[in-house]
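> sequence-free structure coming up:
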């Protein structure tokens, strides 16, 4: 009988997670019931938001239970179908979790056309990270031509797209990332106007002033912490700040403290807004179509990094939290 | 020759200002030139924003120079006019500063009809503080019937109007202020649903949970600091926060520190926006007309407190910064 390998949450981490917080569990491959499909995972996405789900705190989403399968977006192939909407060998994308096989009644599954784009993009540039960049920049910040857009975590799955979309919209794009090779990638491959390595630059504010001499009109924040403190001192009147992530804070053992910046918002008439990509669900198609067109036109580039085997999903996830990836971090779970 | 008494900035305060930071200066009453009017101050407004102008920091407005006359809104009477748009005995409102007499070319002066409303309201409920409450609540926060609106500094010139406008819009209005008599005023005279004295309540979060059991949908912040920290832990999904003032921070010797709250904005899909009332200048008339109607209908109440004589403007200002007033603090400079 074939085996399903799953990664479950073994313990709730305090600080950075490590491999002991996860457990590889084997069970029989499930049998699809009436109207269900059996799905085989091909690509698994690892994303910063998953760190939040490891906490025992009711947030916008239910935490993963101890012993529960870790949540995550997956590109999968239909192995067996009892559901008239899907047939064997269809490709789909859905929140199937960190496991090799899953059954589904089809709810929340998106069918994929493998001839339109590489399948892996369905959980990357043409999936949740892409939509996050698209709506988080365009809807929350409404960037205008000539404005300076600064993005933290600029070499990540979301940030790398934010800077490029800013360029498409006629803005100046400036970013930060955690290695010199990432900075080179941002400037030379993705067309950012400027970028700096936050691990080697000591004075963020001074560097930001140098790279953004006209101030910062739009800030797309994936990181938070001291970098964000510096940005707030340099925002322009009417600035818009989109809070997408705060990855610098996710693995702290207690709540971070920082300078109070609300006064700045008054004198700059500035807006700071948090968002979840799901709030734009009724316009996902619009976003995906426009981004697919930009990719086709060569205006939007993306990079994917792969780890291999469900057993290595924890390693890929931890590495992503530490910023080891450039672009989208994926786990290839099985062959197409 | 008649004398003009002015209050100038003598020194820049560190921490709370005291009377030594101001200087009473006497000079001859100025002569109006061609197209100018000579104005005699009747009422002077003292407002929290003036503390910011005492700093040597370029902000949205130029700081007051050492030796310069303190800025401030004034209701005045035209004593002499060389300007065809004004005649002797007209009443006007304008940014004339802390002084008994001023000359003006008429720019920025608003003519007042003393039969429509008491003249003092032109620098209160039907002036800048009223417009701040009106646009800061309605435009920045868009409160919906049934929502919970919490306002800090609720007994002040702006906050007392915010709570009442929230009630007019069908919201639950909850506030905080710094004395039991203010709390009684908010609930019994202004119709707030609930309020608490932040000076005697130890655990803000617990008290807020008790008074706002359905969470906080809209927060109108005049105060900042620990109170605001507590509010951010209780905002509802989709909350809107209007940053009007941060009076708890204005007199600190160095930048206050607090818990980082941007992550909260993500999971709550919440928006925090600073504003200056001047950004709504093209709709001031609309705001004034609607508020005048609410006053006439008995839906909007206001309270004014007076100190007397230009020489006491510093005392009135310092008292206002310390929260000694209920409602709008004014200085009566001369008789009508």
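Perfect, thanks for sending it. Quantities reported herein were computed from a predicted structural model and do not represent experimental measurements.

> and the stretch 151-300 of chain A, which of its residues are near chain B?
A:221, A:224-225, A:228, A:237, A:243-246, A:249, A:255-260, A:262-276, A:279 (Cβ under 8 Å from any Cβ of the partner chain). Glycine gets a C-beta too; all of them are placed from N, C-alpha and C.

> now those: which count as buried?
A:221, A:224-225, A:228, A:243-246, A:249, A:256, A:258-260, A:262-276 (16 or more other Cβ atoms under 10 Å in any protein chain shown).

> Flag the shaky bits of the stretch 51-200 of chain A, pLDDT-wise.
Along the stretch 51-200 of chain A, the model assigns pLDDT under 70 to no residue.

> Show me how the record splits chain A into domains.
In terms of domains, chain A is parsed into A:3-124+A:303-332, A:128-278 (source: automatic domain parsing).

> Quick one: closest of those to residue B:321.
domain A:128-278 (14.9 Å; Cβ to Cβ).

> Could you work out the end-to-end span of that closest one for me?
9 Å (Cα to Cα, to the nearest Å).

> chain center to it, what's the gap?
15 Å (Cα atoms, centre = their mean, to the nearest Å).

> Which strand or helix spans the most centrally placed residue in chain A?
Among the residues of chain A, the one closest to the centroid is residue A:129, at 4.3 Å (Cα atoms, centre = their mean). Assigned by DSSP states H and E, residue A:129 belongs to helix A:128-141.

> and what of residue A:149?
Going by DSSP H and E, residue A:149 is in strand A:148-151.

> Check what contacts that strand and list those residues.
A:137, A:141, A:143, A:159, A:162-163, A:166, A:171-176, A:208, A:212, A:214-222, A:231, A:236 (Cβ atoms under 8 Å, 6 or more residues apart in numbering or on different chains).

> just checking, next helix/strand downstream of that strand?
Assignment by DSSP H and E places the next element after strand A:148-151 at helix A:159-168.

> counting contacts, what elements does the helix or strand following that next one pack onto?
Beyond helix A:159-168 on the C-terminal side, the first helix or strand identified by DSSP H and E is strand A:172-177. The elements that strand A:172-177 packs onto, with contact taken as 3 or more Cβ pairs under 8 Å, 6 or more residues apart in numbering or on different chains; DSSP states H and E, are strand A:148-151, helix A:159-168, strand A:194-197.

> between the longest one and helix A:128-141, what angle do the directions make?
This means helix A:159-168. With axes from the mean of the first three to the mean of the last three Cα atoms, to 10 degrees applied, the angle from helix A:159-168 to helix A:128-141 works out at 50 degrees.

> can you give me the angle helix A:159-168 makes with strand A:172-177?
170 degrees.

> Check which helices and strands helix A:159-168 sits against.
By 3+ Cβ pairs under 8 Å, 6+ apart, helix A:159-168 packs against helix A:128-141, strand A:148-151, strand A:172-177, strand A:216-221, helix A:284-296.

> Out of these, which one sits most buried?
Of the helices and strands packed on helix A:159-168, the one with the most neighbours on average (mean count of other Cβ atoms under 10 Å in any protein chain shown) is strand A:148-151, at a mean of 30.

> Pairing partners for that strand, with directions?
Strand A:148-151 pairs in its sheet with strand A:172-177 (parallel), strand A:216-221 (parallel), by DSSP bridges.

> TSV for those, including distance to residue B:331?
As requested, the strands paired with strand A:148-151 are exported to TSV (distance: least, Cβ to Cβ, whole Å):
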stretch	distance to residue B:331
strand A:172-177	48
strand A:216-221	40
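
> Out of these, flag the one nearest residue A:202.
So among these, strand A:172-177 is nearest, using Cβ to Cβ, at 13.3 Å.

> list the buried ones in the helix or strand following the closest one?
Scanning forward in sequence from strand A:172-177 by DSSP H and E, the next helix or strand is helix A:180-184. By 16+ other Cβ under 10 Å, the buried positions in helix A:180-184 come out as A:182-183.

> now swap in stretch A:315-327 and tell me
Buried-residue list, stretch A:315-327, by 16+ other Cβ under 10 Å: A:315-321, A:323, A:325-327.

> How about it and chain B, any contact?
No: for stretch A:315-327, no contact with chain B is found by Cβ under 8 Å from any Cβ; the gap never falls below 14.9 Å.

> can I assume residue A:77 sits in a strand?
Yes: under DSSP: H, G, I helix; E, B strand; the rest coil, residue A:77 sits within a strand.

> number of nearby residues for the nearest residue to it once chain neighbours are set aside?
With sequence-adjacent residues excluded and distances taken as Cβ to Cβ, 6 or more residues apart in numbering or on different chains, residue A:77 is closest to residue A:40, at 5.1 Å. Around residue A:40 there are 21 other residues, counting by other Cβ atoms under 10 Å in any protein chain shown.

> which residues of the stretch 201-336 of chain A fall in strands?
A:216-221, A:235-243, A:257-259, A:271-274, A:304-308, A:328-332 (DSSP state E, counting those that start in this stretch).

> Who does the third one pair with, and is each partner parallel or antiparallel?
By that I understand strand A:257-259. strand B:257-259 (antiparallel).

> In three-state terms, how would the closest residue to residue A:288 other than its chain neighbours be classified?
Nearest non-adjacent residue to residue A:288, counting by Cβ to Cβ, 6+ apart: residue A:126, 5.6 Å away. Classification of residue A:126 using three-state DSSP returns coil.
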